[in-house]
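Undergrad: Curious how this folds, go ahead:
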Amino acid sequence: MEVYANLALDTLSNGRATLDQLMDELGVSDPATFKLWLDEERVYLKSLVCEPPEETLQMEYWQRLVNLAASRQDLETILSTWTIVTAQNVAPAWKDSSATRKRETTRRHAQENYEKDLKAVQELEGHLGVTRRWVPEDEEWQAAARLVANRKYQHALDNVEWLVVSRIFELSKMNQSGTGYKLRKPIGKALQTRSAAIRAALTQYNTAAKALGRRTLEFDEVVKYAFLSDFDLLRDMRQDISTRPWALPAARLAINTYFKLCRAEEEVIRLNVEIRRVVTYLVDEDWYLRACEALYQDDNPILAYQISRYRTIRSRFTPLHLRSLEKISRLSGFSGTLTPGVSVSCGLGDSAGVPQRVCMDAVPSSPPVAADDGEDDANEDADEDHASTLEERYEALQNILSVTTDT
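TA: Here you go, the predicted structure:
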């Protein structure tokens, strides 16, 4: 019965009051403001699709400069290291030559690393058009360092998001009715492992967030995230959106409620048709099964009894459905009717069809066999039509008799 609670009419009845309350809290007088907020958020999220090429090169250049400084420091340390030989620590010639070769190899590797980093820096300077090499005191250096820190922040957030979404899928699988006990146990163990991984990922995320002065997250907070949009709002790469009106929790709830109401008003037009169809089907099906029962009451009381049981099962929840539909009809916005209509489907076995007696002798024990290839085309068509008719009657009768094995 949860379907009735999610109907557009119920959304219209309860959603308007909720939206009015949220608009008062936000100080919004015109609902059109929500469309402007949505457009602004869409523009912002589109800007996050990829990093600008210029920023990517700047971050790569900054990282190469850091690597170059580290390799230069290693090389200078090796070159400035001297070994003092005295009479007390003098070693045999063969031992001394071995140590000398090792130190020479280390110096050569440091020299090669420095030259490799220097070449990479020079290539990026050509791409960026840098005429003077950046130093830590330069504004460009500091801006690129912030971009790199922001990238680390985004990667940490991606990891948290992936773990939380995986946890949501595992929880939904564990709560499914088709999931057996043997499968629930490994899923439960996976959830425990996932929770530990989320805590470790949150530690990394909070470290990166503190470096940028961003809001940190707690485990109890992040496991409640149910929509990817909750993570999107944390992806503040180049501008601070924490003060934007559409980034506030109350504003997001108001936006979601407003657009649900918009879609509900469109859905009401279709519901006015579908609700009457449901009523028509319930009435026609009950009449059809009663007619089938009366048709076999005298000649085949056993089959009539099975039809009666089948009708009882099918109509068990009909009063509940009708009461729910009657409540729906009293909701504001309902412009349809609960008067049963006339079904256009009147074929064999349809709820609005006319019951026909099925001769038990004519019911085949197996699907009819096609005619031989040697027969004439006219005889083949006649046999196919007859076989199709028998098969339809057989299927209709089997649907009624299947209740015996179901119960």
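Undergrad: C-alpha only now, for contacts and for neighbours.
TA: OK.
Undergrad: G336: what secondary structure?
TA: Under DSSP: H, G, I helix; E, B strand; the rest coil, the three-state class of G336 is coil.
Undergrad: 20 is where my numbering starts, stick with that
TA: Renumbered: residue one is now 20, and that last one reads G355.
Undergrad: Quick check on it: phi, psi?
TA: G355 has phi and psi values of phi -90, psi -160 when expressed as degrees, to the nearest 10.
Undergrad: pLDDT at it, what is it?
TA: Predicted confidence (pLDDT) for G355: 82.
Undergrad: What of the one 5 residues further on?
TA: For G360, the pLDDT comes out at 85.
Undergrad: which one's the longest helix in this structure?
TA: helix 268-314 (DSSP state H).
Undergrad: Setting aside sequence neighbours, what's the nearest residue to A269?
TA: Using Cα to Cα, 6 or more residues apart in numbering and skipping the chain neighbours, the partner closest in space to A269 is L41 (6.9 Å).
Undergrad: so that neighbour is in which element?
TA: Per DSSP states H and E, L41 falls inside helix 27-45.
Undergrad: Could you pull up the mean pLDDT of that helix?
TA: For helix 27-45, mean pLDDT is 75.
Undergrad: Just list what whatever helix or strand comes next after that helix packs against, helices and strands only.
TA: The first helix or strand that comes after helix 27-45 along the chain, using DSSP H and E, is helix 51-65. With contacts defined as 3 or more Cα pairs under 8 Å, 6 or more residues apart in numbering; DSSP states H and E, helix 51-65 has these neighbours: helix 268-314.
Undergrad: hang on, the earlier thing: so the residue nearest to A269 is in contact with A273, correct?
TA: Yes: between L41 and A273 there is a contact under Cα atoms under 8 Å: 5.9 Å.
Undergrad: Between those two, which is the more surrounded one?
TA: Higher neighbour count among L41 and A273: A273, with 24 against 18, using other Cα atoms under 10 Å.
Undergrad: Contact partners for the more buried one?
TA: Neighbouring residues of A273 by Cα atoms under 8 Å, 6 or more residues apart in numbering: L38, L41, M42, F53.
Undergrad: Among those, which one lies nearest to L322?
TA: Closest approach between the contacts of A273 and L322, by Cα to Cα: L38, at 56.3 Å.
Undergrad: pretty sure the closest one is touching N275, no?
TA: No: applying Cα under 8 Å, one finds L38 not in contact with N275, separated by 9.5 Å.
Undergrad: ok, now how distant is W56 from Y63?
TA: With distances taken as Cα to Cα, to the nearest Å, W56 is found 11 Å from Y63.
Undergrad: who has more neighbours, the two?
TA: Using other Cα under 10 Å as the criterion, W56 and Y63 rank with W56 on top: 18 against 14.
Undergrad: Help me confirm that the more buried one comes into contact with L267.
TA: No: when contacts are counted by Cα under 8 Å, W56 is not listed as touching L267 (11.3 Å).
Undergrad: one step back: looking at L38 and N275, which is more packed in?
TA: For L38 versus N275, neighbours defined as other Cα under 10 Å are more numerous around L38 (19 against 13).
Undergrad: Next up, the contacts around the more buried one.
TA: By Cα under 8 Å, 6+ apart, the residues touching L38 are A273, T276, Y277.
Undergrad: Right, I'll leave it there.
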